[in-house]
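# no letters, just coordinates:
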C-alpha cells in the first residue's frame with residue numbers, strides 16, 4: 001500500500017492477540033505499523049512485533065525488490081516496534097540504525113548490544129537526507145517512554161508520530177477511530193499529558209499533511225479533528241458534557257440507588273448518562289469514560305474498613321493518569337459504619353481542580369425514602385451547570 005509515491009506501508013495486522021500490553025482487551029486486534037521511504041537511499045521506519053518477523057521481512061523485500069535498506073529508524077523501543085532489529089541486520093547487515101542515545105542504551109538491555117558499528121545517534125533538530133526526502137528528528141521524551149523520537153518528512157509533509165495518534169484495532173477493523181484511540185491514549189499515554197502538550201507545540205510549527213502512527217490507520221484528512229482531540233485529552237479537559245456513574249454492588253442495593261439516580265438524571269435532561277459496573281465492565285472502558293465526560297459519580301460499599309476492591313482499582317487508574325478538572329459525587333453504602341465516601345475522597349486528594357457536590361448519598365444497607373430525596377438533590381446538582 002503506497003501512502004505517497006515514495007512511502008509504502010509495510011506493517012502487519014495482528015488478529016490473534018487477546019490482550020495488548022498484557023491488560024487491554026483488543027477484540028479487533030492490533031496493527032503494528034512500519035513504513036518504507038524509497039528514495040536514493042531507503043529508510044525503514046520502525047519494526048514490528050516479534051510474532052510477525054517473517055511477514056515483515058517479506059513486506060520489506062516485496063517493497064524494495066533487489067534494493068536494500070540503508071537505514072532502520074527506530075523511534076520507540078517497546079518490543080512491538082523494535083523486536084526485529086537483529087533480524088533485519090541478519091538479512092541486511094550494512095543497514096545503519098538511526099535512533100536516540102537513550103534508545104541505544106535500551107537496545108543494549110534488550111539485545112545485549114548497542115550495534116556500535118551500525119549506529120547513528122540523532123537528537124532534537126538533527127536531519128537526514130535520503131535524496132529528495134529530508135527527514136528532521138523531533139524528540140518526544142515520555143510520550144510515552146523517555147527515548148522516543150518522531151520524524152518529519154518535509155518533502156511529503158508526513159509526521160511519523162511513533163505511538164502518538166495510535167489506536168487499538170487492526171487496520172481492517174471497521175470501527176470508530178475516536179473510541180479506540182481515546183481508550184488507547186488514556187490507558188497508555190494518559191499520564192504524560194504535559195509531555196504530549198510539548199510535542200503538540202513542536203508539531204504546530206510543521207506543515208503536516210499526513211500522520212503515520214505506529215498503531216492504527218494513516219491519517220490524511222481532517223487532521224485538525226485528530227489534533228484537537230489530542231489537545232483535549234492531553235490537557236485533561238472534558239471532551240463532552242455528561243455524567244459517568246461508576247459503581248460496585250455486592251447484594252444489589254447500591255445498584256438500585258445507582259439505577260434510580262441514572263433514571264432521575266435522564267428525566268431532568270442530562271445530556272449523557274453512562275453507567276459502569278466496575279466488577280463486570282472493561283476497566284479500561286470505564287477509565288476512558290471518566291476522562292471523556294465532565295462529571296462522575298462514585299458509588300460503592302464500605303468493605304473491610306475501606307472500599308470495594310474494584311472501586312479502589314478504578315480510582316487508582318484515575319489518579320495514576322492525573323484525573324482532574326471534573327465534578328465528583330459520592331454514593332456510599334454501609335450496614336453499620338459507612339466509610340466509603342471518606343476513603344474515596346481521600347484517594348482523590350492529590351487530584352487537581354476537582355469540585356465536589358454538596359450532596360453525598362449515604363445508604364444504610366438498602367435505599368429508603370431519605371435516600372430517594374438525597375438522590376433527587378444530587379441529580380439536581382449534577383444537571384445544573
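On my side now, so go ahead. Note that this is a predicted model, so its numbers are computed, not measured.

# going forward, measure contacts between C-alpha atoms and count neighbours the same way
Will do.

# residue 331 is in contact with residue 360, correct?
Yes. Counting by Cα atoms under 8 Å, residue 360 does reach residue 331; the two are 5.9 Å apart.

# which neighbours do those two share?
By Cα atoms under 8 Å, 6 or more residues apart in numbering, residue 360 and residue 331 have these common neighbours: residue 341.

# and these two? which has more neighbours close in?
Taking other Cα atoms under 10 Å, residue 360 and residue 331 do not tie; residue 331 has more neighbours (25 against 19).

# distance of the more buried one relative to residue 344?
To residue 344, residue 331 is 10 Å away according to Cα to Cα, to the nearest Å.

# shared neighbours, these two?
With Cα under 8 Å, 6+ apart applied, the contact sets of residue 331 and residue 344 do not overlap.

# could I get the phi/psi values of the closest residue to residue 285 other than its chain neighbours?
Spatial nearest neighbour of residue 285, excluding adjacent residues (Cα to Cα, 6 or more residues apart in numbering): residue 183 at 6.5 Å. Residue 183 adopts backbone torsions of phi -60, psi -40, taken as degrees, to the nearest 10.

# can you pull the contacts of residue 183?
The neighbours of residue 183, taking Cα under 8 Å, 6+ apart as the test, are 167, 168, 284, 285, 288.

# number of nearby residues for the fourth one?
I take that to be residue 285. Residue 285 has 20 neighbours, counted by other Cα under 10 Å.

# ok, now residue 236?
If you count neighbours by other Cα under 10 Å, residue 236 ends up with 22.

# verify the stated contact: it with residue 324.
Yes. The pair residue 236 / residue 324 is scored as a contact, 6.6 Å apart, by Cα under 8 Å.

# and the protein, what are its domains?
Domain assignment for the chain, taken from automatic domain parsing, gives 7-234, 240-383.

# possible to save the ones you listed as a markdown table with distance to residue 1 and mean pLDDT?
Shown next, in a markdown table, are these (distance: least, Cα to Cα, whole Å; pLDDT from 0 to 100):
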| stretch | distance to residue 1 | mean pLDDT |
| --- | --- | --- |
| domain 7-234 | 5 | 97 |
| domain 240-383 | 32 | 96 |
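
# which positions in stretch 90-106 come out as buried?
95, 96, 97, 98, 99, 100, 103, 104, 106 (16 or more other Cα atoms under 10 Å).

# ok, the fourth one touching residue 73?
The reference is to residue 98. Yes. The criterion here is Cα under 8 Å, and residue 98 meets it with residue 73 at 4.6 Å.

# buried stuff in the strand or helix carrying residue 254?
According to DSSP states H and E, residue 254 maps onto helix 253-267. The neighbour-count check on helix 253-267 (16+ other Cα under 10 Å) flags 253, 254, 255, 257, 258, 260, 261, 262, 264, 265 as buried.

# wait, which of those is closest to residue 368?
Closest approach to residue 368 among those (Cα to Cα): residue 257, at 9.4 Å.

# isn't residue 190 right up against residue 234?
Yes. Between residue 190 and residue 234 there is a contact under Cα under 8 Å: 7.0 Å.

# these two: who's more crowded?
Applying other Cα under 10 Å to residue 190 and residue 234 shows that residue 190 carries more neighbours, namely 26 against 22.

# next, the more buried one: phi, psi?
The phi/psi pair for residue 190 (degrees, to the nearest 10) reads phi -60, psi -30.

# and it, what does it touch?
233, 234, 321, 322.

# which one of these is nearest residue 125?
Distance to residue 125 across the contacts of residue 190 (Cα to Cα) is lowest for residue 234, with 23.6 Å.

# checking the nearest residue to the closest one once chain neighbours are set aside next. Helix, strand or coil?
Excluding its sequence neighbours, the residue lying closest to residue 234 (Cα to Cα, 6+ apart) is residue 193, at 4.1 Å. State at residue 193, reduced to three classes by DSSP: H, G, I helix; E, B strand; the rest coil: helix.

# burial measure for residue 193, as a count.
For residue 193, the neighbour count with other Cα under 10 Å is 24.

# surely it touches residue 232?
No. With contacts counted by Cα under 8 Å, residue 193 stays clear of residue 232, the gap being 9.6 Å.

# could I get the full set of helices for the stretch 251-385 of the chain?
Secondary structure of the stretch 251-385 of the chain, counting by DSSP state H, counting those that start in this stretch: helices at 253-267, 283-292, 309-320, 340-347, 369-383.

# what does the stretch 51-200 of the chain give?
Secondary structure of the stretch 51-200 of the chain (DSSP H, counting those that start in this stretch): helices at 53-64, 79-82, 85-91, 101-111, 177-184, 193-203.
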